[in-house]
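Trainee: here's a sequence, model it:
(one chain, ligands or ions: 2)
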Amino acid sequence: MSDHKVYYNYIGGEWVPARSGKTYENRNPADTRDVIGIFPDSGAEDIADAVAAAKEAYNAWRLVPAPKRGELLYRASQILQERKEQYANDMTREMGKVLAETRGDVQEAIDMGYFMAGEGRRLYGVTTPSELPNKFQMSVRQPLGVCGLITPWNFPMAIPSWKIFPALICGNTVVIKPAEDTPLSTYNFVQALVDAGLPKGVVNIVSGHGPTAGEPLVQHPDVKVISFTGSTEVGRHVSTLCAQQGKHVSLEMGGKNPMIIMDDADLDLVLAGAVWGAFGTTGQRCTATSRIIAHRAIVDELTSRIQAEAKTIQVGNGLVDGMQMGPSINQGQLSVVEKYVKIGREEGAELVLGGERLTDGDLGHGFFHQPTIFGNVKRNMRIAQEEIFGPVVSIIPVDSLEEAIDVANDVPYGLSSSIYTRNVNNAFIAMRDLYTGIVYVNAPTIGAEIHLPFGGTKGTGNGKREGGTQVLDTYSEWKSLYVDYSGGLQRAQIDNAE
Ligand SMILES: NC(=O)C1=CN([C@@H]2O[C@H](COP(=O)(O)OP(=O)(O)OC[C@H]3O[C@@H](n4cnc5c(N)ncnc54)[C@H](OP(=O)(O)O)[C@@H]3O)[C@@H](O)[C@H]2O)C=CC1
Ligand SMILES: O=C(O)CCC(=O)C(=O)O
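Mentor: Ligands and ions are numbered 1, 2, ... in the order given. Coordinates of the predicted model:
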C-alpha cells in the first residue's frame with residue numbers, strides 16, 4: 001500500500017471515492033519522484049451522482065437571499081486568505097509555477113470571492129417606463145440550475161473561482177471537473193467553500209480525465225450550462241456536444257498574443273514587459289506574449305537586449321528561492337514545446353536563445369526547457385500562427401504601425417494584445433484596431449484583473465466573458481416582469497378602442 005495522501009470526490013456534502021474504486025497519481029512536474037496525492041479516476045456514474053446532488057440542492061439554494069449567499073462567499077475568501085501560503089505551496093508543487101505566481105493565483109480567487117460577494121447586494125436588473133398607464137416593468141436575473149464547470153491546469157484555483165463564485169452568487173449549484181494535472185488546488189478551493197459553511201450539494205467536485213469525466217458532465221441532460229476553459233480543439237468539441245442538446249456554453253480557449261513595439265517605445269520598459277509576458281508561468285498562460293512585433297528601426301537592439309535579459313532567467317523548482325521560471329506541466333506539453341522549436345528551425349527562423357530541454361542534475365527529474373527566442377520570424381510561419389503554450393517567443397520585424405496591427409490580427413485567436421509607444425495617437429489607433437478581447441498600452445499581454453471582462457475574439461472564445469459583472473450573464477437568464485395595477489382599466493381602454 002502506498003502512503004500517499006488519498007483524496008476523494010466531494011458529492012452531496014460527502015467525501016467519496018469513485019464508484020469504480022479507480023484512482024490516479026498526481027505528480028510534481030518539477031520532480032516527478034514527488035507524488036502529490038492519489039485522486040479519484042471518476043466516470044459517468046460519479047458525474048451522475050454529483051449532478052443529482054447539485055440538482056437537489058438547487059431548490060433551496062436559489063431561494064437563499066443573494067446577500068446571504070454573498071456572505072458565504074465572503075467567508076470563503078477570508079478562509080482562502082488565511083490559507084494563502086499553504087495553498088500557494090501546494091499549487092507550486094502540483095503545477096510548477098514559482099511561488100510568487102501561485103500566491104497571485106490564490107489571490108485572484110480571493111479577489112473574485114470578494115467581488116462576487118458584493119454582487120450579492122447588487123445583481124442589478126433594470127426598470128423601464130411602460131407605454132401604458134398604471135403598469136410597472138422590470139427585468140431580473142434568474143439562475144439556470146446545475147452548472148457544469150471544466151477547467152485547465154495553468155490557473156488551477158483562479159479559473160475555478162472565476163466560474164464557481166459567479167455561478168453561486170446567481171443562485172446556481174455546480175459540479176466541477178478540474179484538470180487532471182492539478183486537482184489539489186481545486187480541491188483546496190472547494191475545501192474553503194465547505195469550511196465557509198456552504199450547504200450540502202451546492203458545490204460538488206469530481207476529478208478524473210476529460211473524455212471519461214468531463215464529457216459525461218457536458219452530456220448530462222440536467223446540466224443547464226457548461227463553462228469551459230481550455231484548448232480550442234477540446235472547446236469546440238464541447239461546444240458541438242452542447243449544441244446537440246441546445247445547452248448554454250461559455251468557452252475560453254487559446255491565444256497567440258502579440259506585443260507591438262514601436263520605434264519610439266521606452267525599451268527599458270519593453271524589456272521587463274516582454275520577458276515577463278513571454279516567460280512568466282513558463283509561457284503557459286492563455287494571455288502569454290508569444291509574438292513580439294517590433295519596428296524594424298529598433299528590432300536588432302531589442303532582440304539583443306531581450307536575449308541578454310532572458311539568458312539570466314533562473315529556471316528550476318518553483319519552491320526554491322530565487323527561481324523565476326518553472327517546468328512545463330507534463331511530458332506532453334514539453335514535447336509540444338520541443339516540436340515547435342524543431343518546426344521553427346525548419347521554417348528558417350533564427351534561434352536567438354535556448355531551444356533545448358534542461359536536464360542537468362535535479363532538472364532531469366522535471367519537464368524543464370530553456371527560455372527560447374526566435375528572431376526574424378515571418379508572419380505566416382507556424383511558430384507565429386499556432387499556440388505553443390510554452391517558453392517560446394517569436395520576434396517579427398515590421399515597418400509601420402499599420403503593418404504591425406495587420407500582423408497582430410492575422411492569427412486565428414484574439415485574446416490579448418499590447419502596444420509599447422510614447423505616441424498617444426498610435427496608442428489610441430491600436431486600442432481601436434487590435435481585434436482582441438483585451439488590449440494593454442505600455443504593459444505586457446498578461447496580468448488581467450477580475451473587475452473587467454476577460455475573454456477573446458475569434459478562436460479564443462464564443463463571445464462570452466469571464467470576470468467583470470459581464471460574467472453574470474453566463475450564469476443567469478433575464479426574466480422580464482410586467483405588473484398591471486390598473487385593475488382592468490387597460491383592458492377596458494383597449495376594448496373601447498376596438
Ligand atoms: N482563454 C482562457 O481563458 C484560457 C485558455 N486556456 C487554454 O487552455 C489550454 C491548456 O489547458 P489544457 O488543460 O491543456 O486544455 P484542454 O483543453 O486539454 O483541457 C481543459 C479541460 O478540459 C478537459 N477535457 C479534455 N477533453 C475533454 C472532453 N472530451 N470533454 C470534456 N472535457 C475535456 C480537460 O481534462 P484533462 O485535464 O483530464 O485533460 C481539462 O479539464 C491552452 O490552449 C490555453 O490557451 C487556458 C487558460 C485560460
Ligand atoms: O495573465 C492573465 O491575464 C491571466 C491569464 C490567465 O488567466 C490564463 O492564462 O488562464
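
Trainee: got the residue ranges for the helices in the stretch 251-400 of the chain?
Mentor: Taking DSSP state H, counting those that start in this stretch as the test, the helices found in the stretch 251-400 of the chain are 267-279, 299-311, 331-347, 382-385.

Trainee: how about the longest one: buried residues?
Mentor: Along helix 331-347, the positions that meet the burial threshold by neighbour count (16 or more other CB atoms under 10 Å) are 333-334, 336-338, 340-341, 344, 347. Where you see a C-beta, it was placed from the backbone N, CA and C, and this is true even at glycine.

Trainee: turn the residues you listed into CSV, columns for pLDDT.
Mentor: Output for the buried residues of helix 331-347, formatted as CSV (pLDDT from 0 to 100):
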residue, pLDDT
333, 98
334, 98
336, 98
337, 98
338, 98
340, 98
341, 98
344, 98
347, 98
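
Trainee: could you dump these to TSV with distance to ligand 1?
Mentor: Putting the buried residues of helix 331-347 into TSV (distance: CB to the nearest ligand atom, whole Å) gives the following:
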residue	distance to ligand 1
333	7
334	13
336	10
337	13
338	16
340	13
341	18
344	19
347	21
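
Trainee: and of those residues, the nearest to ligand 2?
Mentor: The closest of the buried residues of helix 331-347 to ligand 2 turns out to be residue 333 (CB to the nearest ligand atom; 13.6 Å).

Trainee: for the helices of the stretch 251-400 of the chain, which one sits closest to ligand 2?
Mentor: Nearest of the helices of the stretch 251-400 of the chain to ligand 2, taken as CB to the nearest ligand atom: helix 267-279 at 8.8 Å.

Trainee: what's the closest one packed up against?
Mentor: Counting contacts by 3 or more CB pairs under 8 Å, 6 or more residues apart in numbering; DSSP states H and E, the secondary-structure elements packed against helix 267-279 are strand 257-261, strand 289-295, helix 299-311, strand 392-398, strand 416-420.

Trainee: contacts only, for residue 470.
Mentor: With contacts defined as CB atoms under 8 Å, 6 or more residues apart in numbering, residue 470 is in contact with residue 453.

Trainee: now do the helices in the stretch 51-200 of the chain.
Mentor: 66-82, 84-95, 99-119, 158-169, 183-195.

Trainee: got TSV for the helices of the stretch 251-400 of the chain, with distance to residue 198 too?
Mentor: Below are those laid out as TSV (distance: least, CB to CB, whole Å):
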stretch	distance to residue 198
helix 267-279	36
helix 299-311	44
helix 331-347	33
helix 382-385	44
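
Trainee: and the stretch 101-250 of the chain, which residues reach ligand 1?
Mentor: 150-154, 177, 179-180, 209-211, 214-215, 218, 229-231, 234, 237-238 (CB under 6 Å from any ligand atom).

Trainee: give the buried subset of those residues as a PyMOL selection command.
Mentor: Selection of the buried residues among those in PyMOL, burial being defined by 16+ other CB under 10 Å:
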select buried, resi 150+151+152+153+154+177+179+180+210+214+215+218+229+230+231+234+237+238
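
Trainee: output the below-cut-off pLDDT ranges for the chain.
Mentor: Low-confidence segments of the chain, defined by pLDDT under 70: 1-2, 491-495, 497-498.

Trainee: what about the residue lying closest to residue 442 once chain neighbours are set aside, distance to ligand 1?
Mentor: Setting aside the residues directly before and after it, residue 442 is nearest to residue 420 in space (CB to CB, 6 or more residues apart in numbering), at 5.5 Å. Separation of residue 420 from ligand 1 (CB to the nearest ligand atom, to the nearest Å) stands at 23 Å.

Trainee: and for residue 196?
Mentor: 24 Å.

Trainee: that residue contacts residue 79, correct?
Mentor: Yes. Using CB atoms under 8 Å, residue 196 is in contact with residue 79, at 5.8 Å.

Trainee: now the stretch 351-498 of the chain against ligand 1: closest residue?
Mentor: In the stretch 351-498 of the chain, the residue that lies nearest ligand 1 is residue 389 (5.1 Å; CB to the nearest ligand atom).

Trainee: who are the neighbours in contact with that residue?
Mentor: Contacts of residue 389 (CB under 8 Å, 6+ apart): 254, 283-284, 288, 333, 336.

Trainee: and if we set it to 10 Å?
Mentor: Counting by CB atoms under 10 Å, 6 or more residues apart in numbering, residue 389 makes contact with 152, 154, 231, 254-255, 281-286, 288, 290, 328-329, 333, 336-337, 340.

Trainee: please apply the same query to residue 487.
Mentor: Taking CB under 10 Å, 6+ apart, we find residue 487 in contact with residue 134.

Trainee: before we move on, what about residue 226?
Mentor: Contacts for residue 226 (CB under 10 Å, 6+ apart) come out as 147-150, 214, 217-220, 235, 238-239, 241-242, 245, 247-251, 474.

Trainee: now, of those, which are buried?
Mentor: Using 16+ other CB under 10 Å, the buried ones in the contacts of residue 226 are 147-150, 214, 217-220, 235, 238-239, 242, 247-251, 474.

Trainee: taking the residues you listed one by one, which sit in helices?
Mentor: Judged by DSSP state H, helices contain the following of the buried ones among the contacts of residue 226: 217-219, 235, 238-239, 242.

Trainee: pull the most distant pair out of the residues you listed.
Mentor: With CB to CB as the measure, no two of these lie farther apart than 219 and 235, at 15.4 Å.

Trainee: which SS state does residue 204 fall under?
Mentor: strand (DSSP: H, G, I helix; E, B strand; the rest coil).

Trainee: and the gap between it and residue 53?
Mentor: Per CB to CB, to the nearest Å, residue 204 is found 6 Å from residue 53.

Trainee: nearest residue to residue 165 in space, ignoring adjacent ones along the chain?
Mentor: Nearest non-adjacent residue to residue 165 (CB to CB, 6+ apart): residue 116, at 3.9 Å.

Trainee: what does residue 325 give?
Mentor: Here the residue nearest residue 325, using CB to CB, 6+ apart, is residue 315, at 4.8 Å.

Trainee: ok, now residue 187?
Mentor: residue 7 (5.8 Å).

Trainee: I figured that neighbour was touching residue 35, is that so?
Mentor: No. Checked against CB atoms under 10 Å, the pair residue 7 and residue 35 is beyond contact range at 11.8 Å.

Trainee: circling back to that earlier point, tell me which of the ones in helices among the buried ones among the contacts of residue 226 is nearest to ligand 2?
Mentor: Set against ligand 2, the nearest of these by CB to the nearest ligand atom is residue 235 (13.1 Å).

Trainee: contacting residues around that closest one?
Mentor: 150, 226, 228-229, 249-254, 459-462.

Trainee: again, 7 Å this time
Mentor: By CB atoms under 7 Å, 6 or more residues apart in numbering, residue 235 lies in contact with 228, 251, 253.

Trainee: now, those that are in strands?
Mentor: Judged by DSSP state E, the contacts of residue 235 include 228, 251 as members of strands.

Trainee: return the member of the contacts of residue 235 nearest to ligand 1.
Mentor: Nearest member of the contacts of residue 235 to ligand 1, counting by CB to the nearest ligand atom, is residue 253, at 5.2 Å.
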